[in-house]
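# fold the following, please.
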Amino acid sequence: ELAKLWPELTSAHGIKPSAKLPPEQEKLRLYYSLSQFFIELAASSPLILVIEDLHLASEEDWELLEYLARNVYLACLEPDRRVRFFCCGSLRDDVALSPVATRLRREGMLQDLKLLPLRFHDIRDLVSSMLGTTTVPPTLLESLFEESKGNPFFVEEMMKAMIDDGHIFYERGRWHFSESSVKVLPGTLEEILSRRMAALGEDSRRLLQVLAVFNRPVGHDLLVPLAGGPPEKIYPLLEELEQRQLIKAERRRGYECAFSHSQMREIFYQGMDPAAKRQLHLAAGSLLGKLHAGQLEKHGEEVVFHLLQGEAREEAAKLLPGTLARLKDLFAHARLRGLAESALALYGTGITTGTTDGGAAGGTVGGTVGGTVGGMVGGMVGGNSAGTAFRTLLREIWGHLAEVYRVTGEMEKAVAALQTLLKEFGL
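Numbering: from 1, shown residues only. Below you'll find the model as predicted:
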């Protein structure tokens, strides 16, 4: 099953893909294979699966988790085998959970464990653990308790900011606290990050900007060219950022790094200059396109995302049809819908008229997305067979989404997909 998603397994290890089935059966076979894999592992020895940041999970992720939970639950009931499996997920409490979580909770397969804010003595223990000493001024602990509201991430970042600023420093075998350390506590995470960034050089901030535009770990093949410096200059800077605990590095599969916390990445990304964002996204999309020139079917979604964020509409338009088709084959309905919506915004109403007049359609789309690029894309969509094929693909995608949501009982989404078909394609 995995050989279908990663064809390189076939060439590298001689693994042959399984026989092709209708799409829904293919998906169920993949889910079944993955669940049996985990069940067999859990039958041989206790297995713990930890999934972080579940608030970022897509609908497909939750669908797979539900399938896994039900199959593991049934396997645990079998009298002739002992399956010991524990899955733990973390997520923020200010994000609405998927309906899947509600169903699993109602059936007793999911339990919530709400982590309460840290109490005063918890913060004292956390700070003592960070510094390796119990001699922390009570006034500092009281201020940390009041400002952080018991958020451990906030406490850690405030401490790191004060160490970076020199208000807390290590000298002659012990920690010293300046008299102003209590007065300079930052009030928000944005202020904390701003203060920590101020201590960095321009090259280090550039590295963080590169990491921020990717919502995943980034390897040296992307970091080095996008950061614009030689490896011998970049790696010491990365080590410094890691020591400051701004990033975390993974060395088991080469060298990959990312922000040490997803919330830190979100704050940093939102604070970036819009022009710098566009330039980095465009550079990232162009570089990814070159690195994966022979595998754009597999990597097209990420390339298209960066090109769209970089406002390279014409380049993104060339990759959208193949990318949409692949997502459909992978049953990635939420990602498929998001990209289809981006495609509709890109092409505008020029695809809905059914006209074969390239000039008329080009003018419509040009007015919608603006500029020369919009006119070029509009002309392509309205006036040639490639545009007609893309319009047909989009129509099929939205029809496919409507049917999937209907079958899974998500009627609001099914209605929304049908409304898109009516509005954009006159069906």
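# pLDDT at His299, what is it?
pLDDT, His299: 78.
# how about the spatially most central residue of the chain, nearest residue that isn't a chain neighbour?
In the chain, the C-alpha nearest the mean C-alpha coordinate belongs to Asn215, at 4.6 Å (Cα atoms, centre = their mean). Leaving aside its sequence neighbours, Asn215 sits nearest to Arg265 (Cβ to Cβ, 6 or more residues apart in numbering; 7.5 Å). (Glycine included, C-beta is placed from N, CA and C.)
# before we move on, the earlier item: any idea which helix or strand carries the residue nearest to the centre of the chain?
Taking DSSP states H and E as the definition, one finds Asn215 inside no helix or strand.
# surely it and Glu266 touch.
No: counting by Cβ atoms under 8 Å, Asn215 does not reach Glu266; the two are 9.2 Å apart.
# contacts only, for the residue nearest to Asn215.
Listed by Cβ atoms under 8 Å, 6 or more residues apart in numbering, the contact set of Arg265 reads 211-212, 215, 258-259.
# how about JSON lines for those, with secondary structure, distance to Ser129 and pLDDT added?
Shown next, in JSON lines, are the contacts of Arg265 (DSSP: H, G, I helix; E, B strand; the rest coil; distance: Cβ to Cβ, whole Å; pLDDT from 0 to 100):
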{"residue": "Leu211", "secondary structure": "helix", "distance to Ser129": "27", "pLDDT": "93"}
{"residue": "Ala212", "secondary structure": "helix", "distance to Ser129": "29", "pLDDT": "92"}
{"residue": "Asn215", "secondary structure": "coil", "distance to Ser129": "30", "pLDDT": "82"}
{"residue": "Ala258", "secondary structure": "strand", "distance to Ser129": "24", "pLDDT": "89"}
{"residue": "Phe259", "secondary structure": "strand", "distance to Ser129": "22", "pLDDT": "89"}
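# which residues of this protein fall in strands?
Ranges of strands in the chain, per DSSP state E, are 47-51, 85-89, 168-171, 174-177, 218-219, 247-250, 256-259.
# the fifth one pairs with which strands?
According to DSSP bridges, strand 218-219 has the following sheet partners: strand 256-259 (antiparallel).
# now the partner strand: how far from the chain's centre is it?
How far strand 256-259 lies from its chain's middle: 13 Å, per Cα atoms, centre = their mean, to the nearest Å.
# before we move on, what about stretch 145-159?
Counting by Cα atoms, centre = their mean, stretch 145-159 is centred 25 Å from the centre of its parent chain.
# put the alpha carbons of it into PDB.
These are the backbone C-alpha positions of stretch 145-159, laid out as PDB (Å, rounded to 0.1, in the frame of the first residue of the first chain):
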ATOM      1  CA  PHE A 145       2.800  33.100  38.300                       C
ATOM      2  CA  GLU A 146       0.800  36.300  37.800                       C
ATOM      3  CA  GLU A 147       2.000  37.000  34.200                       C
ATOM      4  CA  SER A 148       1.900  33.500  32.800                       C
ATOM      5  CA  LYS A 149      -1.500  32.500  34.200                       C
ATOM      6  CA  GLY A 150       0.000  29.000  34.800                       C
ATOM      7  CA  ASN A 151       1.000  28.500  31.100                       C
ATOM      8  CA  PRO A 152       4.200  26.400  31.200                       C
ATOM      9  CA  PHE A 153       5.200  27.400  27.700                       C
ATOM     10  CA  PHE A 154       4.900  31.100  28.700                       C
ATOM     11  CA  VAL A 155       7.000  30.500  31.900                       C
ATOM     12  CA  GLU A 156       9.800  28.800  29.900                       C
ATOM     13  CA  GLU A 157       9.800  31.500  27.300                       C
ATOM     14  CA  MET A 158       9.900  34.300  29.800                       C
ATOM     15  CA  MET A 159      12.800  32.700  31.600                       C
END
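# give me the contact list for that stretch.
Outside stretch 145-159, the residues that touch it by Cβ under 8 Å, 6+ apart are 116-120, 122-123, 126-127, 130-131, 144, 168, 185-187, 189, 192-193, 196, 261, 263-264.
# PyMOL command to pick out the buried ones of those residues?
Buried subset of the contacts of stretch 145-159, written as a PyMOL selection, criterion 16 or more other Cβ atoms under 10 Å:
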select buried, resi 118+123+126+127+131+144+168+185+186+189+192+193+196+261+263+264
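# now do the helices in the stretch 1-150 of the chain.
Assigned by DSSP state H, counting those that start in this stretch, the helices in the stretch 1-150 of the chain fall at 2-5, 8-13, 23-44, 59-77, 99-106, 120-131, 138-148.
# many thanks, have a good one.
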